[in-house]
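In: sequence and predicted structure below; questions after.
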Amino acid sequence: MNQHIRVPEVRLVGADGEQIGIVNTREALRMAEEQGYDLVEVAPNALPPVCRLMDYGKFRYEQQKKTRAITKNRGGEQKEIQMRPNIDLNDYQTKLRHAKEFLAGGDRVKLTVRFRGRELAHRDIGRDLLERFAKDLAGDGRIEGGVFEEGRNTSLNVVPSRSGGSGAAPASASPA
């Protein structure tokens, strides 16, 4: 960008996309300054390198805005809930409540069961726990992928359901 371009001449493209042609680098820098733009190298491997006149700060801002929009549409932040295979009922209910809150807020949830020692011989208990957890979250989110194992952990990803939590109302009405 600007003075960091070290080649003697460049192929210049104007701010509105028109081809200016092959120009001396100093002349291109002077043109960019006069018009209030930056000289940005867009194709450094071409012969001669292609540079463009643009407002680089505005360009970077728009790129960041697009990235944020993509991240927002993808389902927000990912939260992780970790538990052990021999979790107590009250602890299970607390973690389930937290998972429902995360999903209601639009975040993705990664449920992880961590195994230690002899528990590794009984991975089926962890898999059953995750399946029970997923069944309890059925109205609030949907499973993405499936149960997968990574080292000493067994995990499951849940994303918010598109319905906006319509399944949560009957579930809360039935226990009462």
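Out: The structure has been received and is ready for your questions.

In: pLDDT below threshold where in this protein?
Out: 1-4, 71-76, 162-176 (pLDDT under 70).

In: domain-wise, how is it divided?
Out: Listed domain ranges for the chain are 2-67, 74-173 (source: automatic domain parsing).

In: so how far is the longest one off the chain centroid?
Out: Meaning domain 74-173. Its chain's average C-alpha position is 19 Å from that of domain 74-173, according to Cα atoms, centre = their mean, to the nearest Å.

In: quick one, longest helix in this structure?
Out: Here the longest helix in the chain is taken by residue count, with DSSP state H as the criterion, and it is helix 56-73.

In: in PDB, list the C-alpha atoms belonging to the very next helix or strand once past that one.
Out: Read in the C-terminal direction, the helix or strand following helix 56-73 is strand 78-83, with elements assigned using DSSP states H and E. The C-alpha coordinates for strand 78-83 follow below in PDB (Å, rounded to 0.1, in the frame of the first residue of the first chain):
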ATOM      1  CA  GLN A  78     -20.600 -20.800  20.500                       C
ATOM      2  CA  LYS A  79     -21.000 -21.600  24.200                       C
ATOM      3  CA  GLU A  80     -19.700 -24.900  25.700                       C
ATOM      4  CA  ILE A  81     -21.300 -26.800  28.500                       C
ATOM      5  CA  GLN A  82     -19.000 -29.500  30.000                       C
ATOM      6  CA  MET A  83     -20.100 -32.300  32.300                       C
END
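
In: now do the buried residues in strand 78-83.
Out: When burial is assessed from 16 or more other Cβ atoms under 10 Å, strand 78-83 yields the following buried residues: 79, 81, 83. All C-beta spots, glycine's among them, are computed from the backbone N, C-alpha and C.

In: can I get the residues you listed in a markdown table with distance to Gly126?
Out: Listed next are these as a markdown table, based on distance: Cβ to Cβ, whole Å:
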| residue | distance to Gly126 |
| --- | --- |
| Lys79 | 19 |
| Ile81 | 13 |
| Met83 | 9 |
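
In: now the helices for the chain?
Out: 25-35, 56-73, 89-104, 123-136, 168-173.

In: ok, and for the first one, which residues are buried?
Out: Applying a neighbour-count criterion of 16+ other Cβ under 10 Å, one finds 25, 28-29, 31-32 buried in helix 25-35.
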